[in-house]
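Asker: one predicted model, sequence on top.
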Amino acid sequence: MTDKDFRLDGKVCWITGASYGIGFAIASAYASMGATIVFNDLHQDKVEMGLKAYEEIGIKAYGKAVDVTKEEEVKAYLEEIIAKFGHIDVLVNNAGIIKRIPMTDMSEKDFRQVIDVDLIAPFIVSKAVIPHMVKQGHGKIINICSMMSELGRETVSAYAAAKGGLKMLTKNICSEYGEANIQCNGIGPGYIATPQTAPLRERQPDGSRHPFDAFIVAKTPAGRWGTAEDLQGPAVFLASEASNFVNGHILYVDGGILAYIGKQPQ
Ligand code: NAP
Ligand code: GCO
């Protein structure tokens, strides 16, 4: 075992939804370990913002506006990636949305949209990529799951259903393609300070902390929100040769939330 086993030199890595947030942090870490970065976002202006952000930290990334819920767009982008780089070694299904609405107030349209992006899109992108990985005899797929792959809470029914399904899709890709030397694992981030959770951390009108902010800090043994950078080491491990016998595993990077009943009220 050498540090080379944790390197990603020569690997082409596609991280979906990676102009900022968790995807950007994972892609930046991969680049620092020698990988070529390919990413996409839904909106072109976000892609441009992402390309600039990568360039500012010395990363020449390849990015495009691609809707991961549209199979034809995904297949066309993958053809571009293969034509330009010759292969794809790592896929991170990171793109995701959340809608926080009480279930009985949630429209079927809203529920379906969350399922589309958070569950059906990882199926679409993985289905496109797997044949290339089978042909080359190796591949890594990392699905960004969630605490809600294991737990529920008020207002996130669609998101929890999607992320629970994504956990099982991860295990099924492992089961179906492990023999082709494809490792499919999940990362289950805890509560991470990104735009997606910004509403849960907003200061109250009186300047006090958001109740949910205080709740999460009390629920997390680490006593803090996670940062996107906290996910970089686990993501590098699961993309590297060092994890070649790790398959179908959901690696929770949550500061201990899932292990802890929560701090007793003082
Ligand atoms: P974020 O800041 O909201 O970023 C989401 C990214 O996904 C954006 O780049 C967005 O692109 C992209 N995206 C959304 N819909 C898309 C579509 N149809 N096609 C292509 N790209 C699309 O989210 P985040 O906090 O970084 O979370 C990233 C992943 O981690 C998500 O899967 C989320 O569920 C998961 N996660 C987050 C946390 C957390 O606490 N933050 C914890 C656990 C899991 P645009 O900007 O162009 O819309
Ligand atoms: C929420 C949060 C969570 C986080 C994450 C936790 O509203 O509860 O957005 O869902 O995004 O998924 O792991």
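Answerer: Good, I have the coordinates. Ligands and ions are numbered 1, 2, ... in the order given.

Asker: from now on I want contacts and neighbour counts done on CA atoms only, so please keep to that.
Answerer: Fine.

Asker: so where does residue 186 fall, helix or strand?
Answerer: strand 182-189 (DSSP states H and E).

Asker: again with residue 166
Answerer: Using DSSP H and E, residue 166 sits within helix 157-177.

Asker: ok, and what's touching that helix?
Answerer: Helix 157-177 is contacted from outside by 97-99, 102-103, 111-112, 114-115, 118-119, 122-123, 134, 143, 145-146, 148-152, 182-186, 247-250, using CA atoms under 8 Å, 6 or more residues apart in numbering.

Asker: what angle do strand 182-189 and that helix make with each other?
Answerer: 160 degrees (axes from the mean of the first three to the mean of the last three CA atoms, to 10 degrees).

Asker: next, the buried residues of helix 157-177.
Answerer: Residues of helix 157-177 classed as buried: 157-171, 173-174, 177 (neighbour count, 16 or more other CA atoms under 10 Å).

Asker: do it and ligand 1 meet?
Answerer: No - contact of helix 157-177 with ligand 1 (CA under 6 Å from any ligand atom) is absent, the minimum separation being 7.7 Å.

Asker: any residue of that helix touching ligand 2?
Answerer: No - using CA under 6 Å from any ligand atom, helix 157-177 never reaches ligand 2; the gap is at least 7.1 Å.

Asker: and the pLDDT for residue 264?
Answerer: Here, the pLDDT recorded for residue 264 equals 87.

Asker: I'd say residue 116 and residue 71 touch.
Answerer: No - counting by CA atoms under 8 Å, residue 71 is not a contact partner of residue 116; they are 11.3 Å apart.

Asker: what helix or strand does residue 125 sit in?
Answerer: For residue 125, the element it lies in under DSSP H and E is helix 121-136.

Asker: residues of this structure that sit close to ligand 1?
Answerer: Contact residues, the chain versus ligand 1 (CA under 6 Å from any ligand atom): 17-23, 41-43, 46, 66-69, 94-97, 117, 144-146, 188-197.

Asker: how about low-confidence regions in the stretch 51-200 of the chain?
Answerer: Under the criterion pLDDT under 70, no range of the stretch 51-200 of the chain is flagged.

Asker: residues from it in reach of ligand 2?
Answerer: Counting by CA under 6 Å from any ligand atom, the stretch 51-200 of the chain comes close to ligand 2 at 146, 147, 148, 189, 190, 191, 197.

Asker: what sits against the residue lying closest to the first one once chain neighbours are set aside?
Answerer: So the one you mean is residue 146. Nearest residue to residue 146 in three dimensions, chain neighbours excluded: residue 188, at 4.3 Å (CA to CA, 6 or more residues apart in numbering). Contact analysis of residue 188 by CA under 8 Å, 6+ apart lists 144, 145, 146, 147, 149, 250, 251, 252, 253, 254.

Asker: could I get these as a markdown table with distance to residue 8 and neighbour count?
Answerer: Formatted as a markdown table, the contacts of residue 188 follow (distance: CA to CA, whole Å; neighbours: other CA atoms under 10 Å):
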| residue | distance to residue 8 | neighbour count |
| --- | --- | --- |
| 144 | 19 | 28 |
| 145 | 22 | 30 |
| 146 | 25 | 26 |
| 147 | 28 | 20 |
| 149 | 28 | 20 |
| 250 | 21 | 23 |
| 251 | 19 | 17 |
| 252 | 22 | 20 |
| 253 | 21 | 22 |
| 254 | 25 | 24 |
